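Participant: Got a predicted model here, sequence first, then my questions.
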Amino acid sequence: MNELNQNLRLLRPLWRGLPIVVLSLVLALALAHHYLRYATPLYESSAEIKLAEANEGPINTNLIKTSDAFSPVNKAGGEVVLLKSELLVGKALRSLPFAISTYRVGEIRKTEMYLESPFLVTLTQQTGQWNDKVFKLKIAPNGRLLLTTPAGGAVWGRLGQPLKLPGMEVVIKPNEALLKARPGLPLADRYEFVRHSEARLMSDVLDRLDVTSVEKDVAVIRVSYRSPVPEKAADLVNALTNVYMADYLENKYKVVNASVDVIDQQLRAVSASLSHAEDSVQGYRDQKRIVNIGQETETDLRKIAELKIQRANLHMSLAAANELYRYMKSGKRDILQLAPTFGAFNDQLSNDIVKRMKDLQADRRDLLLRFRPQDEKVVAIDGKLMDLNSYLLESIKNTRNALTIKYNELGRAIGQSEHGFVGLPTREKNLAILERDFQLNEKLYILLHEKKTEAEIAKAAPTSSHRIISWGDAALDPIAPNHALVLAVAGFLGLLSGTLVVYLFSGLRGTPSDTFTVQKESDLPLAASLPNLATPGQQLAFFRQLAIRLELKGLLALGSKVVVSSFTGAEGQTFFFEHLRVALAEQSKKVRAIHIENALSLNPDALPTELLLVHNVALAADSLSLAVMADATVNLVLIDSRTTPLHRLGELEQLVAEYQLPNVQLCLNREGYRPGLLARLWKRPARQMAWATAADTAHAGAPAAA
């Protein structure tokens, strides 16, 4: 509840000063409306260009593609900078009549006419001394004109006649085409015109030009321009977009033509390198007798492996033959006891010889049963066995020699085959280098041929990959000033300024509006607080209750001298004194009331059987009031919530401390009374009359109204 009261207390000054806030709001809106009425409107026109994608167009003519992570990908950003460059803007301005601006001068403001100018100005100047200077022109109905230079000089002439100025010649003639199209357009009037310098015109255009990307990931650029003339804004954005497209095509053809020439030169150089690489590969193959190194190497390795297998088999056969020959030779004298292994000799002849020897050996055993070993039959069989054994031994010897020869031949064949691998890595490396050079030149030759074809196709395509998707149109509604925004801001500022004024005046006045403020600003006790009492009945009833409360506080005891004081006398001192006296008299108390008006007035002490009520002199009028207060038992000081400044409370505390005034207590008159401004203005005459009546009746001894 205390917090609510505190908030309401803070809002009371705003409620009382509501007429000031409303007046401030009305004034602010009136000023805003006046500004909107005479402010020069600003129109905006926009055009949009869709940029070509990376793979868009009749053919992709990118000669070099990069995958660098730090390569620029924001193509729209670069095109935005290009569109705002002085190069393209200068080309666009050279195609537009922006060099001279003409204005129709009115009583309050001047309006740029642009293409609606009823006259045409031609300036021929040798120097730029008249650039960016304002010329005033007045055309009379009879065709005469008065030209006022920026220096203040006046030149009279007629329409269509040259006017000589220092360093410049001016020709002003009617705009016949416009006057025929619009017969009602007045020619006789007051005008101004300015010849803009290139630098100043470029600066002004760039300040009003806005080129942005529609979205971050969408390759669409919006070109916007603001101007007081809607047609001028539309002409500039359309001219700039056309210049941009023409510049793009021009650079495209320039790049393509240069690319074709460079590719032709590179093709000739690469063709010569390719021919030389082909001859080098062919000569090296002929010199080294190389058909296919891979296949040849594989064949030779397979051949060597087969020869080594044959040599290994032959080596085993040769070993067996050598062992058999040694065995047969060591036992040739006792041949019948030999049992050679013929695993290595499994041919038909060897088998027949062995069978023949076994048969002869069997026949010999049969003969020995009947004959002696010296018998001629036995000897004949032994001779046959010896012959067969010798033949077999010789056969083994020849077989061994043949195997040895084959073994040696296989070793020589293997050695010759392995000799072919000597220097093979060098030959492979050299051939790989030559073939690599040939392949590189071949790939480059093919690439250049493809790029040349692409460049030729792009050269033959007369279209641009960029597209103008939206042209600039003359705007119907201005973008500035924004009426709703201006009125809203003006209204807000009006409310803010009115509120600040209300609280400023409230702070400057600084009156104790309620008991909370009194207790916060002063340490003196508050004996009573009086609301605004409008009728006599309310006044009488309230003071009856007030007398009882004061008596309960011990402030109205018999034998007490109660002094009622105030700072100026306008705080309701007389009103409080008279009504308190009447209320006490109704309680059948013995009350003696006196008025202290000057130093000659009596200031008696109270008798023990009475209550002395004293109406003191105002504190600001005479220092006698302090003497009266020093002699009192109870001091009631009246303060008014509307008229008593807060600093008076501090002054009263200083007086109490300095003069040791006894039992000083405050009485707040009209607590919480905060009439509005209109109510105060309305009731002010009536209040003055009431105060005058109250003063008269107070002197007559009758109660006074608040």
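Facilitator: Now that the structure is in, tell me what you want to look at.

Participant: Give the buried residues for stretch 106-121.
Facilitator: Using 16 or more other C-beta atoms under 10 Å as the test for burial, stretch 106-121 gives E112, M113, Y114, S117, P118, F119, L120, V121. For the C-beta atoms, the positions are set from N, CA and C on the backbone; glycine is no exception.

Participant: can I see the domain layout of this structure?
Facilitator: Annotated domains of the chain cover 2-39+495-506, 100-193, 295-426, 510-700 [automatic domain parsing].

Participant: could you dump these to JSON lines with distance to E450 and mean pLDDT?
Facilitator: Converted to JSON lines, the domains of the chain look like this (distance: least, C-beta to C-beta, whole Å; pLDDT from 0 to 100):
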{"stretch": "domain 2-39+495-506", "distance to E450": "62", "mean pLDDT": "78"}
{"stretch": "domain 100-193", "distance to E450": "52", "mean pLDDT": "90"}
{"stretch": "domain 295-426", "distance to E450": "33", "mean pLDDT": "75"}
{"stretch": "domain 510-700", "distance to E450": "89", "mean pLDDT": "81"}
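
Participant: Tell me which entries of the buried residues of stretch 106-121 lie within strands.
Facilitator: E112, F119, L120, V121 (DSSP state E).

Participant: right, and out of those, which lies closest to A402?
Facilitator: Closest approach between those and A402, by C-beta to C-beta: E112, at 122.4 Å.

Participant: Return the residues in contact with the closest one.
Facilitator: Contacts for E112 (C-beta atoms under 8 Å, 6 or more residues apart in numbering) come out as S101, T102, Y103, P228, V229, K232.

Participant: ok, 10 Å please
Facilitator: T40, S101, T102, Y103, R104, E192, V194, S227, P228, V229, K232 (C-beta atoms under 10 Å, 6 or more residues apart in numbering).

Participant: what about the third one, how many residues close to it?
Facilitator: Same thing as T102. 23 (other C-beta atoms under 10 Å).

Participant: Can you tell me how far it is from L495?
Facilitator: Separation of T102 from L495 (C-beta to C-beta, to the nearest Å) stands at 43 Å.

Participant: coming back round to it: which of the buried residues of stretch 106-121 lies closest to D204?
Facilitator: Using C-beta to C-beta, those come closest to D204 at E112, 12.3 Å.

Participant: Tell me what that closest one is bridged to.
Facilitator: With DSSP bridges as the criterion, E112 is bridged to Y103.

Participant: ok, and the closest non-adjacent residue to V170?
Facilitator: Using C-beta to C-beta, 6 or more residues apart in numbering and skipping the chain neighbours, the partner closest in space to V170 is L163 (4.4 Å).

Participant: tell me which element that neighbour is part of?
Facilitator: L163 is located in strand 162-165, with elements delineated by DSSP states H and E.

Participant: Just the CA trace of that strand, in PDB.
Facilitator: What follows is strand 162-165, C-alpha atoms only, in PDB (Å, rounded to 0.1, in the frame of the first residue of the first chain):
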ATOM      1  CA  PRO A 162      22.800  35.000 -75.800                       C
ATOM      2  CA  LEU A 163      23.700  36.800 -72.600                       C
ATOM      3  CA  LYS A 164      27.300  37.700 -72.100                       C
ATOM      4  CA  LEU A 165      28.900  37.100 -68.600                       C
END
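
Participant: Buried residues, it. List them.
Facilitator: By neighbour count with 16+ other C-beta under 10 Å, strand 162-165 contains the buried residues L163, L165.

Participant: One more: stretch 366-373?
Facilitator: Buried residues in stretch 366-373 (16+ other C-beta under 10 Å): L367.

Participant: same check, this time on stretch 271-290
Facilitator: For stretch 271-290, burial by neighbour count (16+ other C-beta under 10 Å) applies to S273, L274, A277, S280, V281, Y284.

Participant: Which elements pack onto the helix or strand encompassing the fourth one?
Facilitator: What it means is S280. Per DSSP H and E: S280 is located in helix 230-288. The contact analysis (3 or more C-beta pairs under 10 Å, 6 or more residues apart in numbering; DSSP states H and E) places helix 230-288 against strand 43-50, helix 75-83, helix 86-94, helix 198-208, strand 209-215, strand 218-227, helix 424-460, strand 467-470.

Participant: and the angle from it to helix 424-460?
Facilitator: 150 degrees (axes from the mean of the first three to the mean of the last three C-alpha atoms, to 10 degrees).

Participant: that older thread, and the domains of the chain, which is most packed in?
Facilitator: Mean neighbours per residue, mean count of other C-beta atoms under 10 Å, is largest over these for domain 510-700, with a mean of 17.

Participant: tell me how far that domain is from the chain's mean position?
Facilitator: 69 Å (C-alpha atoms, centre = their mean, to the nearest Å).

Participant: Please enumerate residues in contact with stretch 306-316?
Facilitator: Stretch 306-316 has contacts (C-beta under 10 Å, 6+ apart) with 318, 344, 403-404, 406-411, 413-418.

Participant: go with 8 Å
Facilitator: Stretch 306-316 is touched from outside by L403, K406, Y407, L410, G411, A413, I414, S417, with contacts defined as C-beta under 8 Å, 6+ apart.

Participant: Need the CA coordinates for it. PDB is fine.
Facilitator: Output of stretch 306-316 as PDB, limited to C-alpha atoms (Å, rounded to 0.1, in the frame of the first residue of the first chain):
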ATOM      1  CA  GLU A 306      61.300 -71.500 -67.700                       C
ATOM      2  CA  LEU A 307      65.000 -71.800 -68.500                       C
ATOM      3  CA  LYS A 308      66.000 -71.900 -64.900                       C
ATOM      4  CA  ILE A 309      63.400 -74.700 -64.300                       C
ATOM      5  CA  GLN A 310      64.900 -76.600 -67.300                       C
ATOM      6  CA  ARG A 311      68.400 -76.100 -66.000                       C
ATOM      7  CA  ALA A 312      67.300 -77.300 -62.500                       C
ATOM      8  CA  ASN A 313      65.800 -80.500 -64.000                       C
ATOM      9  CA  LEU A 314      68.800 -81.000 -66.200                       C
ATOM     10  CA  HIS A 315      71.100 -80.500 -63.200                       C
ATOM     11  CA  MET A 316      69.400 -83.300 -61.400                       C
END
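
Participant: now that stretch, how far from the centre of its chain.
Facilitator: With C-alpha atoms, centre = their mean, you get 84 Å for stretch 306-316.

Participant: Specify the beta-bridge partners of I594.
Facilitator: The partner residues for I594, given DSSP bridges, come to V614.

Participant: Surely it touches V614?
Facilitator: Yes. Here I594 lies in contact with V614, judged by C-beta atoms under 8 Å, at a distance of 5.6 Å.

Participant: re earlier: closest one of the buried residues of stretch 271-290 to K133?
Facilitator: S273 (67.2 Å).
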